[in-house]
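Participant: Have a look at this prediction, sequence included:
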Amino acid sequence: GNSVTQMEGPVTLSEEAFLTINCTYTATGYPSLFWYVQYPGEGLQLLLKATKADDKGSNKGFEATYRKETTSFHLEKGSVQVSDSAVYFCALTNTGGFKTIFGAGTRLFVKA
Amino acid sequence: DAGITQSPRHKVTETGTPVTLRCHQTENHRYMYWYRQDPGHGLRLIHYSYGVKDTDKGEVSDGYSVSRSKTEDFLLTLESATSSQTSVYFCAISDYRQDSYEQYFGPGTRLTVT
């Protein structure tokens, strides 16, 4: 079946540090891949996505590249800010599917 | 921001009482979902809808029912609330846009069953 595995948190970084949150997936077909972010007290919101292999999604300084050969979609940011403190969810929808499979979420704390 | 509202935003109720949560969208998206979010369990799908009067169960549907009589409204009912249903409930919507089914979430409803 389809599944998403992401690194456990919490991840604690100092401001301006480099961020990587690992995400790997299992899926048949050609899934679309997403990163969602949840700020405290809010619902999830789409951060970025990639719909085919080798695509790079980017938004707000965050990037992730769809790697079919390693079934991965790692989230990166070159210099984190305190305002990036949130929970990050990796997710996929499979070919022709409308249901989303979410990872467990990774909480990020950024210290000033 | 996608137009999704949830009501109520907070509710405290007693064990055994019925509770209905409402999700309303103004985006005319075909698909609607109810999730619950609990510490240590991530996001779990309760029920979903793929059209008016078309609904199906998710992974944690026991004790919940849903209805969708209009495109814009999706109701979640707890027939007889239990303490294990204390949670934060999120509604989401999606449709096929820009080559994918990205989801848009409401602000959540915090439900406490005492």
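Facilitator: Perfect, I can see it now.
Participant: list the contacts for the residue in chain A that chain B sits nearest to?
Facilitator: Of all residues in chain A, residue A:43 sits closest to chain B, at 3.4 Å by Cβ to the nearest Cβ. Heads up, the C-betas are built off the backbone N, CA and C, glycines and all. Counting by Cβ atoms under 8 Å, 6 or more residues apart in numbering or on different chains, residue A:43 touches B:90, B:92, B:105-108.
Participant: ok, now how distant is it from residue B:92?
Facilitator: 8 Å (Cβ to Cβ, to the nearest Å).
Participant: do the same with residue A:34
Facilitator: In terms of Cβ to Cβ, residue A:34 sits 12 Å off from residue B:92.
Participant: out of those two, which sits in the more crowded spot?
Facilitator: residue A:34 (29 against 26; other Cβ atoms under 10 Å in any protein chain shown).
Participant: dump the residue contacts of the more buried one.
Facilitator: A:46-49, A:90-93, A:100, B:100, B:102.
Participant: Please identify the helix or strand for it.
Facilitator: Assigned by DSSP states H and E, residue A:34 belongs to strand A:32-38.
Participant: still on that earlier bit, which residue sits closest to the residue of chain A closest to chain B, ignoring its sequence neighbours?
Facilitator: Distance criterion Cβ to Cβ, 6 or more residues apart in numbering or on different chains; nearest residue to residue A:43, sequence neighbours excluded, is residue B:105 at 3.4 Å.
Participant: Could you check the pLDDT of that neighbour?
Facilitator: At residue B:105, the pLDDT value in this model is 97.
Participant: coming back round to it: please point out which parts of the helix or strand just after the strand holding residue A:34 sit buried.
Facilitator: For strand A:32-38, the following helix or strand on the C-terminal side (DSSP H and E) is strand A:45-50. Judged by neighbour count (16 or more other Cβ atoms under 10 Å in any protein chain shown), strand A:45-50 contains these buried residues: A:45-50.
Participant: now for strand A:45-50, which elements pack on it?
Facilitator: For strand A:45-50, the elements it packs on are strand A:32-38, strand A:56-59, strand A:62-65, strand B:103-105, judged by 3 or more Cβ pairs under 8 Å, 6 or more residues apart in numbering or on different chains; DSSP states H and E.
Participant: Run the angle between it and strand A:32-38 for me.
Facilitator: Counting by axes from the mean of the first three to the mean of the last three Cα atoms, to 10 degrees, strand A:45-50 lies at 160 degrees to strand A:32-38.
Participant: Quick one: mean pLDDT over strand A:45-50.
Facilitator: For strand A:45-50, mean pLDDT rounds to 96.
Participant: ok, now stretch A:79-86?
Facilitator: In this model, stretch A:79-86 has a mean pLDDT of 97.
Participant: go on, stretch A:53-69?
Facilitator: Regarding stretch A:53-69, the rounded mean pLDDT is 96.
Participant: what separates it from the chain centre, distance-wise?
Facilitator: In terms of Cα atoms, centre = their mean, to the nearest Å, the centre of stretch A:53-69 is found 9 Å from the chain centre.
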